[in-house]
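In: let me see the structure of the following:
(2 chains)
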Amino acid sequence: MKKNVQTANRTTISLKEVSKVIKKATILDHINVEFHSGRVYGLRGYNGSGKTMLLRLIAGLILPTNGSVYINNKVLGRDITFPESMGILIENPAFLDSYTGYQNLKLLADLKRQIGEEQIRKALESVGLDSFDPRKYRKYSLGMKQRLGIAAAIMEENDILLIDEPTNALDSEGVDLVKKIIKSEKARGALILVACHEAQVLEALADEIYVIEKGQLVDHIVLQTIENMEESI
Amino acid sequence: MFFKMLSYDIYRGIWRKKYLFLPLFVLTIIFCQSFYYDMQSYQMMGICMESGSWMDYIALLFQGMKEYIPSPDNPFVFPVMWILIFLYVAYISLGYLHDDLTASGQQVLIRSGGRKLWWISKCLWNVAITMLSFMVMYLSVTVYCLIRGIPLSFSCTTSVLEYQLEMPILSSISVWQGICVLILMPLGVALALNLFQMFLGLLIKPWYSCGMIAAILLISAYFKSPLLIGNYSMFYRSAVLIGEESGMQLIIGALLTLVFVAVAVMGGLFLFSKHDILNQE
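Out: Okay, the predicted model is just below:
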């Protein structure tokens, strides 16, 4: 079944008293936060602060030790296993070495059957990759791998987009491209969470930034974007 | 969606690992060659003039060892060939689940719609790779028999087995008994052990789970007990060969195999529903 509507559905993610303990170490500590569609949320923190774990938790890849994650009022891990419409790029992208970029995305897209060849090629072109490139994934540079990871996350035009360190291995042109993609996803109405340790990148992308330290959200910054100013007026 | 996921597992977990079947082929041919030389020497000495059949080679491949009775003048010598076969088959399926979960499998998993289907797909992949490993062994024996002109028969040759196993065979083994004891039971045991290994892989590191399987095999070789699953895959210990009273009963072996499979599949379903998927375990 092909997806005709490109705008994202309204989505709310709520975390209530969420904690995660792994091997007696508290990775996330009493997180209470809410995210809404059409906004870009930045997660900033040093390595090991818990940014990636928070994304994994929202993705349903790890389950909270305490508290609950709600996706549109459905409890993750109880009512749903994973958010129903979600694209992710968490840590380093990994694909099949012996497939081309297009073949890798086709394999993933075929699982959900939401999009066809045209949309896959469009996603590849949007991240600056040639969709007809015959090279196998193993021949890709680090930057190309990162771009393919971003293409996999955005190709199905999901309601939720979770991206971890999107500018890893990218040159300045690639960073600009990522900014453009995130802005266009936001315009589509997607709920976007970006974890990044680079303050400048987040400030250029996000509407709101959450600072995470030792698994706790220690600061919340609402940036002076045009949308935020309009909202406050 | 499920069949797409299964075909992904078959491609990634079997097709891309096809080179791992080559050592199994070579190993089986080496064992066949060793049996062949033994039979040649018996023929030269005029002890046994028969050259054996395809099923005799399979019987020798899964012969295992006689019951071990500890004593100062009887050191424990584990059955190298038998352990090698089962451990190598376990090794072939080792690590795929872990590797997949830390790589492109995460993208597949979130698109799969649920953890249960994903686990069931992995179980079916495990069954497929184990069956394929055994088919490679059977094919290797077939190739060897064809080259040497050995009859491709499902019948066991009593005199050949008596000399090779160094024990009298009280009653002849029917084709059906041979198929059950020498083909279905070792395959069933390997399926149970490999699924159990994958289940353990959710609790401990993959290499430790393989170590646990090695321990189960070694303990099975040391102790002849109906509770130790490895016993059912040893021809030396089967009721067909040594009698109903002291031998391992097929029906109990089949039940124990089912218990292992059920624990692995159901336990895995439960554990995987709560399993944290991290890039580093």
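In: geometric centre of chain A: which residue is closest?
Out: A:L162 (1.6 Å; C-alpha atoms, centre = their mean).
In: ok, longest helix in chain A?
Out: helix A:172-188 (DSSP state H).
In: how about that helix: buried residues?
Out: For helix A:172-188, a neighbour-count test (16 or more other C-beta atoms under 10 Å in any protein chain shown) marks A:G174, A:V175, A:L177, A:V178, A:I181, A:I182, A:E185, A:K186, A:R188 as buried. Every residue, glycine included, has its C-beta placed from N, CA and C.
In: chain A contacts on chain B?
Out: Within chain B, the positions near chain A by C-beta under 8 Å from any C-beta of the partner chain are B:1, B:4-5, B:8, B:12, B:16, B:102-104, B:106-115, B:273-274, B:276-279.
In: at 7 Å what do you get?
Out: B:1, B:4-5, B:8, B:12, B:103-104, B:106-108, B:110-112, B:114-115, B:274, B:276-279 (C-beta under 7 Å from any C-beta of the partner chain).
In: dump the residue contacts of the closest residue in space to A:Y137 that isn't next to it in sequence.
Out: Take A:Y137 and drop its neighbours on the chain: the residue closest to it by C-beta to C-beta, 6 or more residues apart in numbering or on different chains is A:F95, 4.8 Å away. Residues near A:F95 by C-beta atoms under 7 Å, 6 or more residues apart in numbering or on different chains: A:N104, A:Y137, A:L148, B:S104.
In: how about low-confidence regions in chain A?
Out: A:1-6, A:225-233 (pLDDT under 70).
In: mind redoing it with 50?
Out: Applying pLDDT under 50 to chain A picks out residues A:1-5.
In: hey, where'd the helices end up in it?
Out: Taking DSSP H as the test, the helices found in chain A are A:51-59, A:101-112, A:117-126, A:142-154, A:172-188, A:199-205, A:226-232.
In: residues touching the closest residue to chain B within chain A, list them.
Out: When you check chain A against chain B by C-beta to the nearest C-beta, the closest residue turns out to be A:A94, at 3.8 Å. Contacts here follow C-beta under 7 Å, 6+ apart; on that basis A:A94 touches B:A103, B:S104.
In: what does B:L191 give?
Out: By C-beta under 7 Å, 6+ apart, the contact list for B:L191 reads B:V127, B:T130, B:V261.
In: hang on, the earlier thing: and the residues of chain B next to chain A, which are buried?
Out: Using 16+ other C-beta under 10 Å as the burial test, the residues of chain B next to chain A include B:4-5, B:8, B:12, B:103-104, B:106-108, B:110-112, B:115, B:277-278 as buried.
In: before we move on, back to that, now the longest helix of chain A - C-alpha only, PDB.
Out: Output in PDB follows, covering the C-alpha atoms of helix A:172-188 (Å, rounded to 0.1, in the frame of the first residue of the first chain):
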ATOM      1  CA  SER A 172      30.300  21.200   6.100                       C
ATOM      2  CA  GLU A 173      28.200  20.600   2.900                       C
ATOM      3  CA  GLY A 174      26.800  17.500   4.600                       C
ATOM      4  CA  VAL A 175      26.000  19.400   7.800                       C
ATOM      5  CA  ASP A 176      24.100  22.000   5.800                       C
ATOM      6  CA  LEU A 177      22.200  19.200   4.000                       C
ATOM      7  CA  VAL A 178      21.300  17.600   7.400                       C
ATOM      8  CA  LYS A 179      20.000  21.000   8.600                       C
ATOM      9  CA  LYS A 180      17.900  21.300   5.400                       C
ATOM     10  CA  ILE A 181      16.500  17.800   5.800                       C
ATOM     11  CA  ILE A 182      15.500  18.400   9.400                       C
ATOM     12  CA  LYS A 183      13.800  21.600   8.600                       C
ATOM     13  CA  SER A 184      11.800  20.000   5.800                       C
ATOM     14  CA  GLU A 185      10.800  17.100   8.100                       C
ATOM     15  CA  LYS A 186       9.700  19.700  10.600                       C
ATOM     16  CA  ALA A 187       7.700  21.500   8.000                       C
ATOM     17  CA  ARG A 188       6.000  18.200   7.200                       C
END
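In: could you report the neighbour count for residue 145?
Out: I'll assume chain A. By other C-beta atoms under 10 Å in any protein chain shown, 19 other residues sit near A:K145.
In: to clarify, I was referring to chain B.
Out: Residues lying near B:C145 (other C-beta under 10 Å) number 22.
In: equivalent analysis for A:E17, please.
Out: What A:E17 shows, counting by other C-beta under 10 Å, is a neighbour count of 11.
In: find the nearest non-adjacent residue to it, please.
Out: For A:E17, ignoring the flanking residues on the chain, the nearest one in space by C-beta to C-beta, 6+ apart is A:G67 at 3.8 Å.
In: so the one you found sits right up against A:S14, yeah?
Out: No: in this structure A:G67 lies outside contact range of A:S14 using C-beta atoms under 7 Å: 10.3 Å.
In: all set now, cheers.
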